[in-house]
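> I'll drop the sequence and a predicted model, then ask my questions.
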Amino acid sequence: MTQCLEFYRCEICGNIVQVLHSASGTLVCCGQPMKCLEPQTVENHEMGEKHVPVFGDYNKIMVGSVPHPMLAEHHIEFIEAVSQDKKCLKIKFLDINEEPSMHYDCDNDFESAYEYCNIHGLWMGQK
């Protein structure tokens, strides 16, 4: 069973989808079930770079307390903010060499943020 706002990834082609409606079906891509991505929340200090999204001043979400690299071979693909009631989402897709951050509207009470690193996967941070 899928749950609303879960992320799934195809282990063959790399497609990533997010569930917008909970259902009992199985998500399939390239002929096999997709893998549900469990967001990581604790940094491994041996990796060097930081991945957990951090809520900063002026309604800004940054990836890591130290900016994450944004290189063709290693980068953040997107940042997503989720409101406390899970009724409002904001997503920003990032380009290579762009700062790994996102500004959001202060009218929404965003409390969780997700980001996806092309090498290290899905990460989540809380306000």
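Sure thing, it's come through. Numbers count the residues shown, from 1 in each chain.
> so the residue nearest to the spatial centre of the chain bridges to which residues?
Taking Cα atoms, centre = their mean, the centroid of the chain lies closest to Glu115, which sits 2.5 Å from it. On the basis of DSSP bridges, Glu115 is bridged to Ile79, Trp123.
> Return the distance of it relative to Phe78.
Going from Glu115 to Phe78 by Cβ to Cβ, to the nearest Å gives 7 Å. Every residue, glycine included, has its C-beta placed from N, CA and C.
> likewise Pro39?
Plainly put, Pro39 is 13 Å away from Phe78 if you go by Cβ to Cβ.
> Of those two, which one has the most company?
When Pro39 and Phe78 are compared for neighbours, Pro39 comes out ahead with 19 against 15, by other Cβ atoms under 10 Å.
> I'd say that one and Trp123 touch.
Yes - applying Cβ atoms under 8 Å as the test, Pro39 and Trp123 come out as touching, 5.8 Å apart.
> Now the common contact residues for these two.
Counting by Cβ atoms under 8 Å, 6 or more residues apart in numbering, the contacts common to Pro39 and Trp123 are Tyr114.
> Quickly list the domain ranges of this protein.
Structural domains annotated on the chain: 7-37, 53-126, as defined by automatic domain parsing.
> Strands of the chain, start to end?
Ranges of strands in the chain, per DSSP state E, are 7-9, 16-18, 28-29, 32-33, 35-37, 53-56, 60-63, 76-83, 89-93, 101-103, 110-117, 121-126.
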